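How does the following fold in three dimensions:
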Amino acid sequence: MSMSGAGQGVEYYSLIRDGASLLFTGTLIGLVLLILTSAVMGTVVYGMAYYSINDAVHAGALIAMVVELIAIAVTYKYAYGGFIKLTTANKPRYDIGRVGSIAYIIGSVIMCLTYAYMLTTTFSPDNLWLTQSMEMPGKIALFAAGIPVAIGEYRLGNEFGVESLTVGSVFGIILSAISLTPGSTGLTILEIIMGIIINALLLTGFNNVRKIAEDRLKQQ
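All right, here's what the predicted structure looks like:
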């Protein structure tokens, strides 16, 4: 357990506190989006699938595209903004998270374009497998982007001895890898449950880092 932040000054801990706060808010919004998206997907998509596979895929693509557009805004304001704060405090340690958040936005843009294209395609039981092929480039981009983000989160947890943050960041990569496996359709029950657990760990971790930084500010 590393505590290399010990002995830093007011500016350092202020930046760490602000960065952790932004990341906390972004993660909280992400958790709410996950829960809402799961509920809407389950209600709308599966309901439409009873009548038409094509309508169900189009409904799912439209919902997913809206979610990705929201994710782009949230990632920029809170993930990128949070890592900007952390990078200002310690660039060698946290700049990887800033780079990863930019890459994540690019991955989300790819996903948005994919879903827009899916809306122009006609689907049937015979070509339903195309949905996974279409989504794969975006999923790979998001997986690749998630690795440096997770490293940044891991380093933050490691610096302040917050295990929930280090564990959550590792599990996040595992979940992303699961989404790349053949046959994964996105929001399966396993992925939803894992997503909720991971977000809960990250929320706890960011909040604990924020409290540690605030405590050290009071000691200055």
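
Low-confidence ranges, this structure, go.
Counting by pLDDT under 70, the ranges of the chain that qualify are 1-7, 46-47, 49, 182-187.

Please repeat the previous calculation with a cut-off of 50.
Filtered on pLDDT under 50, the chain yields the residue ranges 1-6.

What segments of it are strands?
In the chain, no strands are defined using DSSP state E.

And the helices in it, which stretches?
Per DSSP state H, the chain carries helices over the ranges 10-40, 46-49, 53-74, 81-89, 91-118, 130-159, 163-179, 189-218.

Report the angle between the first one and helix 130-159.
Direction vectors for helix 10-40 and helix 130-159, defined by axes from the mean of the first three to the mean of the last three CA atoms, to 10 degrees, enclose an angle of 150 degrees.

Only the buried residues of helix 10-40, if you could.
12-31, 33-34, 37-38 (16 or more other CB atoms under 10 Å). In short, each C-beta sits where N, CA and C put it, glycine included.

angle of it against helix 163-179?
Using the same axes, to 10 degrees: helix 10-40 against helix 163-179 is 40 degrees.

which strands and helices sit next to helix 10-40?
helix 53-74, helix 81-89, helix 130-159, helix 189-218 (3 or more CB pairs under 8 Å, 6 or more residues apart in numbering; DSSP states H and E).

The fifth one too?
Counting contacts by 3+ CB pairs under 8 Å, 6+ apart, helix 91-118 is packed against helix 53-74, helix 81-89, helix 130-159.

Redo the helices and strands packed on helix 10-40 as JSON lines? Include distance to Ala116 and mean neighbour count.
What follows is the helices and strands packed on helix 10-40, written out as JSON lines (distance: least, CB to CB, whole Å; neighbours: other CB atoms under 10 Å):
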{"stretch": "helix 53-74", "distance to Ala116": "6", "mean neighbour count": "19"}
{"stretch": "helix 81-89", "distance to Ala116": "27", "mean neighbour count": "22"}
{"stretch": "helix 130-159", "distance to Ala116": "11", "mean neighbour count": "20"}
{"stretch": "helix 189-218", "distance to Ala116": "23", "mean neighbour count": "18"}
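
Quick one, which of these gets closest to Ile173.
helix 130-159 (5.1 Å; CB to CB).

That closest one to helix 91-118, inter-axis angle?
Going by the same axes, to 10 degrees, helix 130-159 makes 160 degrees with helix 91-118.

got the angle for helix 130-159 vs helix 53-74?
30 degrees.

any idea how far Asp95 is from Ser101?
Remark: distance between Asp95 and Ser101 (CB to CB, to the nearest Å) = 11 Å.

list residues touching both of the two?
Here Asp95 and Ser101 have Phe83 as joint contacts, going by CB atoms under 8 Å, 6 or more residues apart in numbering.

Which of these two has more residues huddled nearby?
The residue with more neighbours, out of Asp95 and Ser101, is Ser101; 25 against 17, by other CB atoms under 10 Å.

which residues touch the more buried one?
75-76, 79-80, 83, 145, 149.

Quick one: the residues you listed as JSON lines, columns for distance to Ile212 too.
Output for the contacts of Ser101, formatted as JSON lines (distance: CB to CB, whole Å):
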{"residue": "Thr75", "distance to Ile212": "25"}
{"residue": "Tyr76", "distance to Ile212": "26"}
{"residue": "Ala79", "distance to Ile212": "20"}
{"residue": "Tyr80", "distance to Ile212": "23"}
{"residue": "Phe83", "distance to Ile212": "18"}
{"residue": "Ala145", "distance to Ile212": "27"}
{"residue": "Val149", "distance to Ile212": "21"}
